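A.B. asks: Need a 3D model of the following:
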Amino acid sequence: MRPQDAPIHASLGVDSLDRALGGGIARGRLHELFAAEPADGPVAAAFAAMLVLRALPSSTPLLWLRQEDAEGGGRLSASGLAQIGLDPARLVLLVLRDPVMLLRAAADVVRCPAVGAAVIELWKQPRALDLTASRRLEMAAEESGVTALMLRVDGDPIPSAAHTRWQVSSAPSIALEADAPGHPAFDIALLRQRGRPDGGRWRLEWDRECSTFRETPIPGVVVPAAASGPEAPQLRA
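C.D. replies: Here you go, the predicted model:
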């Protein structure tokens, strides 16, 4: 994919969300995901993994680069990945202490067309993460076609070249029949996107069997008549 090419979009399974994004999540671009609170870190990680399942070609690897500080918030669980439908054998995990080295490694990974997607997980406010670093990742994603997700936990937004910016938090799930535990759910907010209107909130669940999101009503929020229906899990800490 050349930098001037328009992105290919992958549907997320929710009509109103796809419309807001111009057709779904843009492949070959950098996207930022912010955990609403530090405790939402595992939830935001789960949401990132689910976005990967929607955007990632089925046979390609997922590279997950974590700042060492993230390990204190919970390690990635192979069984948790399997529960949401992602084969753990496709995951390549790299944990680095130094954010500078992590961002350099991330840029190299995202430049490689053989990679399907990359998650770059950073905690707090590393000085190495600035507009230049995000622009480097965005340009690498555009050139290679690799979808890059920047996962931020316990950090504040800064100027960024990312295509979209999201906030993710946990939400109550809807009980299944016989009071069985419901699908884990997320509240997401679209904080910013390039070239299209910002804003929008959704409550999503994840349909593991179909590897897609479903929409559920948010109490107190008026849902447009055209919006549609439910489902979502999370990684275990």
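
A.B. asks: any idea which helix or strand comes after the helix or strand bottoming out on mean pLDDT in the chain?
C.D. replies: One helix or strand of the chain scores below all others by mean pLDDT, DSSP states H and E: helix 78-83, with a mean of 89. Where DSSP states H and E defines the elements, the next helix or strand beyond helix 78-83 is strand 91-96.

A.B. asks: which parts of the helix or strand just after that next one are buried?
C.D. replies: For strand 91-96, the following helix or strand on the C-terminal side (DSSP H and E) is helix 99-110. Of all the residues in helix 99-110, those buried under the rule 16 or more other CB atoms under 10 Å are 99, 102-103, 105-107, 109-110. C-beta: built from backbone N, CA, C; applies to glycine.

A.B. asks: what's the answer for stretch 68-81, then?
C.D. replies: 69-70, 73, 75-76, 80-81.

A.B. asks: Quick one: distance of it to the chain centre.
C.D. replies: 15 Å (CA atoms, centre = their mean, to the nearest Å).

A.B. asks: Would you mind measuring from the residue nearest to the spatial centre of the chain to S169?
C.D. replies: The structure's the chain has its C-alpha centroid closest to A48; by CA atoms, centre = their mean the separation is 2.8 Å. Applying CB to CB, to the nearest Å, the value for A48 to S169 is 14 Å.

A.B. asks: what residues are up against the nearest residue to D87 once chain neighbours are set aside?
C.D. replies: Excluding the flanking residues, the one nearest D87 by CB to CB, 6 or more residues apart in numbering is L81, at 7.6 Å. Contact analysis of L81 by CB atoms under 8 Å, 6 or more residues apart in numbering lists 49, 87-88, 91, 235.
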